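Student: Could you work out the structure for the sequence below:
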Amino acid sequence: MDMEIRYKSTRSNGGGVTASQAILKGLADDGGLFVPDRIPALEMSADELAGLSYKETAYEVMRLFLSDFTKEELMYCINGAYDDKFDTAEIAPIVKRDGAFYLELFHGKTIAFKDMALSILPYLMTTSAKKNGVKNEIVILTATSGDTGKAALAGFADVPGTSIIVFYPKNGVSPIQEKQMVTQKGKNTHVVGIEGNFDDAQTGVKEMFHSKELAGVMDRAGYQFSSANSINIGRLVPQIVYYAYAYGRLLEKKEISSGEKINVVVPTGNFGNILAAYYAKNMGLPIETLFCASNENKVLFDFFETGKYDRKREFILTSSPSMDILISSNLERLIYRISGESAEKTRELMEALAGDGEYRITEEMSARLADFCAGFATEEQTRAAIRSLYERTGYVLDTHTAVASHVYYEKARKTGVKTVIASTASPYKFTRSVMNAIDASYDGMGDFELADKLADISGVKVPQAIEEIRTADILHNRTCDKTEMEQTVRDILGLR
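Tutor: Sure thing, here's the model as predicted:
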């Protein structure tokens, strides 16, 4: 067996921590993100992946990264996560439409891809706490652009030894996303709408993680923070699994031959989902090109095209709100890798982003981005992608997957390489935008009427996640200004 993988910060050259310690901390003390000291090679051949269930694939991938977990601990986490919370035994089925393979990542409790990792994170977190003798209550502090919040709330609701506080932009999520969050049950759940956008929420959360003074106050009161955002390595590692699973399924269905390379197209906001695909490629999974698909907030598209990351631009509210992000936190992990794992260079660039709002990578770093290709879709192109695929095949995409679908037709399809598109949310999560794209005459209907109509035209029944919020009571109505986030946390936890 290989030596244990350690996790180090992207911003310092310290000795590193175990996987369970990195999961518990969420963010490194210096503000950096935890990264493995090496990316392990898959120990199974692509052919061997073909016969594995989702749980078996999860174990084969995750054991390589979470090397301080015993087999029993890891299987406990996997079996607890990937059970009948998902509405299909496949967990992440692949649907072939018009030559592309849509990897449906939305069959979990909250009908978005975040369920894939957030179903297992509470198990990883509580197991990590036990392993490390943690006595404090773990407070999950999270900012959401719409989907992480509900998936994290559902995962951590009433989990002993934890509580969860989610901040979301009050006017920056879909009506269904908001209703899912504010109706969340659980004595340990707290939801707060902020007057500001997702970047404001994410910045406020990071500042609280960095505050030594707040950490001290919390520790004295018996609390400590951790994160359910994709900055937590316990979120990222489970996301690698479904790319390996997709490859195995395509082999099993004889859609590809052994060793054949595939493209992957990922609708991208905070960069975690596509980073997981990049890690999968670096483990040896046969992936040709990673297509990074952006909406009109195309900060990542511009970065890949020019080598300059510039958040100083108008923030646009689009129909794909989970991608309405100008500071893509997980990009820091890629920057670290393409800088030759230079903590100094990574810290310098991240400080420039925080201070000047921009940075530019070197030509040498740009040359290491050859695995990536970027594209973006305007709002009109997103609508057209939904409408045209529906008219041709009867298959309905959500707005985020539609952004990826547009980039597939514009760029990936032309390569001639078979392509997996990460289908990141159910169309039921964004019914108004989806139905408007198909036919503007639907606009007069209510949100739940639209869901029923979508069931009629798609032949896919309304998911349980939507049914249960039709008549659910609003349980969370707290709001605050973006400048009041820390005080709000103190109030919720009863801290002085």
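Student: can we go C-alpha only for contacts and neighbour counts from here?
Tutor: OK.
Student: what's the burial count for residue 44?
Tutor: Neighbours of residue 44 under the rule other C-alpha atoms under 10 Å: 12.
Student: which residues in the stretch 351-496 of the chain form helices?
Tutor: Secondary structure of the stretch 351-496 of the chain (DSSP state H, counting those that start in this stretch): helices at 363-367, 379-393, 399-407, 431-438, 447-458, 464-467, 485-493.
Student: List the contacts of the fourth one.
Tutor: This means helix 431-438. Contacts to helix 431-438, defined as C-alpha atoms under 8 Å, 6 or more residues apart in numbering, come from residues 319, 383-384, 386-387, 390, 397-399, 427, 442-443, 447, 450-451, 454.
Student: how about a cut-off of 6 Å?
Tutor: Residues from elsewhere that reach helix 431-438 (C-alpha atoms under 6 Å, 6 or more residues apart in numbering): 383, 387.
Student: could I get that helix in PDB with only the CA atoms?
Tutor: C-alpha atoms of helix 431-438 as PDB (Å, rounded to 0.1, in the frame of the first residue of the first chain):
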ATOM      1  CA  THR A 431     -39.300  25.400 -14.200                       C
ATOM      2  CA  ARG A 432     -40.200  28.900 -15.200                       C
ATOM      3  CA  SER A 433     -36.900  29.500 -17.100                       C
ATOM      4  CA  VAL A 434     -37.100  26.100 -18.700                       C
ATOM      5  CA  MET A 435     -40.800  26.300 -19.700                       C
ATOM      6  CA  ASN A 436     -40.400  29.800 -21.000                       C
ATOM      7  CA  ALA A 437     -37.500  28.600 -23.200                       C
ATOM      8  CA  ILE A 438     -39.700  25.900 -24.700                       C
END
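Student: What angle do helix 447-458 and it make with each other?
Tutor: 50 degrees (axes from the mean of the first three to the mean of the last three C-alpha atoms, to 10 degrees).
Student: relative to helix 379-393, how tilted is helix 431-438?
Tutor: Using the same axes, to 10 degrees, helix 431-438 lies at 70 degrees relative to helix 379-393.
Student: Now do helix 431-438, average pLDDT.
Tutor: In this model, helix 431-438 has an average pLDDT of 96.
Student: And that helix, what's buried?
Tutor: The neighbour-count check on helix 431-438 (16 or more other C-alpha atoms under 10 Å) flags 431, 432, 433, 434, 435, 436, 437, 438 as buried.
Student: what do you get for the last one?
Tutor: Counting neighbours by 16+ other C-alpha under 10 Å, one finds that the buried residues in helix 485-493 are 485, 486, 488, 489.
Student: which residue sits closest to the third one, ignoring its sequence neighbours?
Tutor: If I follow you right, that is residue 488. In this structure, residue 488 finds its nearest non-sequential neighbour in residue 480, 7.4 Å apart by C-alpha to C-alpha, 6 or more residues apart in numbering.
Student: Let me see the contact set for the closest residue to residue 272 other than its chain neighbours.
Tutor: Closest residue to residue 272 apart from its sequence neighbours, by C-alpha to C-alpha, 6+ apart: residue 330 at 5.4 Å. Residue 330 sits next to 270, 271, 272 when contact means C-alpha under 6 Å, 6+ apart.
Student: Try it again at 7 Å.
Tutor: Listed by C-alpha atoms under 7 Å, 6 or more residues apart in numbering, the contact set of residue 330 reads 231, 270, 271, 272.
Student: out of the helices of the stretch 351-496 of the chain, which comes closest to residue 28?
Tutor: Nearest of the helices of the stretch 351-496 of the chain to residue 28, taken as C-alpha to C-alpha: helix 485-493 at 19.2 Å.
Student: and that closest one, C-alpha only, in CSV?
Tutor: Output of helix 485-493 as CSV, limited to C-alpha atoms (Å, rounded to 0.1, in the frame of the first residue of the first chain):
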residue,chain,number,x,y,z
MET,A,485,-23.1,38.2,8.6
GLU,A,486,-20.8,37.6,11.6
GLN,A,487,-23.2,39.3,14.0
THR,A,488,-26.0,37.0,12.6
VAL,A,489,-23.9,33.9,13.3
ARG,A,490,-23.1,35.2,16.8
ASP,A,491,-26.9,35.7,17.4
ILE,A,492,-27.8,32.3,16.1
LEU,A,493,-25.2,30.5,18.3
